[in-house]
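I'd like to go over a predicted model; first the sequence, then the structure.
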Amino acid sequence: MKNDDLRFMRLWDLYSPLLTATQKEITDLYFNFDLSLGEIAEQKGVSRQSVSDCLQKCRKQLEKYEEKLCFSKVLDELSLEYSAYMTETQRFIEANKDAYPPLETLQAKLDGVLQSFGEEKLKTEGGEIVGKAFREE
């Protein structure tokens, strides 16, 4: 998948409720179900060109929503801030868990929070979180 497609999918996840039902269905079939323009056109009873036009219009529309609302930008900034806090907390726990055993309980609670919000810690190196994965809902 190209970077443009990944960006589109991120915007689609955030703003798809603002699309029409037809736009949402066509973009979903194209990106999430990996159907070709021809397959979508056949299924919807329209031309390939109209499917292509719809996808282009949706891209522009989603970009405009992001330009005005900035949800993706804010989420990226929050994610970086969150990762920095988690890294700092992980380092503190690692450095002090022998001197203060309740920190292990804190670590378990933090791991539970990560899992309940859809993130799972993959591995740490030197107290720094180096990878995360998101569970499908």
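In hand now; what should we look at? Numbers count the residues shown, from 1 in each chain.

tally of neighbours for residue 40?
23 (other Cβ atoms under 10 Å). Every residue, glycine included, has its C-beta placed from N, CA and C.

can I see the domain layout of the chain?
Here the domain parsing of the chain from automatic domain parsing is 3-69, 75-134.

Tell me which of the ones you listed is the most buried.
Most buried of these by mean neighbour count (mean count of other Cβ atoms under 10 Å) is domain 3-69; its value is a mean of 15.

circling back: now mean pLDDT too, for the domains of the chain, in TSV please.
Formatted as TSV, the domains of the chain follow (pLDDT from 0 to 100):
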stretch	mean pLDDT
domain 3-69	94
domain 75-134	72
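
For the residue lying farthest from the centre of the chain, which three-state class applies?
Residue farthest from the centre of the chain, counting by Cα atoms, centre = their mean, is residue 99 at 37.9 Å. For residue 99, the assignment made with DSSP: H, G, I helix; E, B strand; the rest coil gives coil.

Okay, strands next: where are they in this protein?
Taking DSSP state E, the strands of the chain run over residues 119-125, 128-134.

okay, how far is it across stretch 24-37, tip to tip?
Distance across stretch 24-37, first residue to last, is 15 Å (Cα to Cα, to the nearest Å).

How about stretch 36-52?
Terminal-residue distance, stretch 36-52 (Cα to Cα): 10 Å.

quick one: contacts of it?
22, 25-26, 29-30, 35, 55 (Cβ atoms under 8 Å, 6 or more residues apart in numbering).

now with 7 Å?
26, 29-30 (Cβ atoms under 7 Å, 6 or more residues apart in numbering).

now, which of these lie within helices?
Among the contacts of stretch 36-52, the ones falling in helices (DSSP state H) are residue 26.

Dump the contacts of stretch 36-52 into a markdown table; add distance to residue 85 as well.
As requested, those are exported to a markdown table (distance: Cβ to Cβ, whole Å):
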| residue | distance to residue 85 |
| --- | --- |
| 26 | 40 |
| 29 | 39 |
| 30 | 37 |
